[in-house]
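**Q** Just a sequence and a predicted model for now, questions to come.
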Amino acid sequence: MGFPTYGGGPFEAIGLPTSVLLLIGFLLVCLAEVAGGVMLLLDVPHAATVSYLLLPFESVFWIGFALPFGPPLGIARTFLLLLA
């Protein structure tokens, strides 16, 4: 689709190379979001709060890696959580 899988965003523009540690950080945030999703499915109390608290950490990677679908999906997720 013409989008790089990672890199090419502001992280590279400021001289921060896409490194293994940066990708591991992204993986940890993704795994935390999966855990939050499982908590939502199991109707664990305060699961929505966990999801809201992860948004700032996710947005750092969305912006830093110039991920095109992160912000719209984050907005949609937030809207759906508010409706639930």
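**A** In hand now; what should we look at? Residues are numbered from 1 along each chain as shown.
**Q** Helices of the protein, start to end?
**A** For the chain, helices defined by DSSP state H occupy the ranges 10-13, 20-41, 47-64, 70-83.
**Q** Not counting sequence-adjacent ones, nearest residue to the most centrally placed residue in the chain?
**A** Most central in the chain under C-alpha atoms, centre = their mean is E58, positioned 3.0 Å from the mean C-alpha point. Counting by C-beta to C-beta, 6 or more residues apart in numbering, V29 is the residue found nearest to E58 once chain neighbours are left out, at 5.7 Å. The way it works is simple: take the backbone N, C-alpha and C, and place the C-beta from them, glycine included.
**Q** separation between that neighbour and G74?
**A** Spatial separation of V29 from G74 under the definition C-beta to C-beta, to the nearest Å is 12 Å.
**Q** which residues are common contacts for the two?
**A** With contacts defined as C-beta atoms under 8 Å, 6 or more residues apart in numbering, the residues adjacent to both V29 and G74 are E58.
**Q** Of the helices of the chain, which stretch is the most buried?
**A** For these, average neighbour numbers computed from mean count of other C-beta atoms under 10 Å are highest in helix 47-64, which has a mean of 16.
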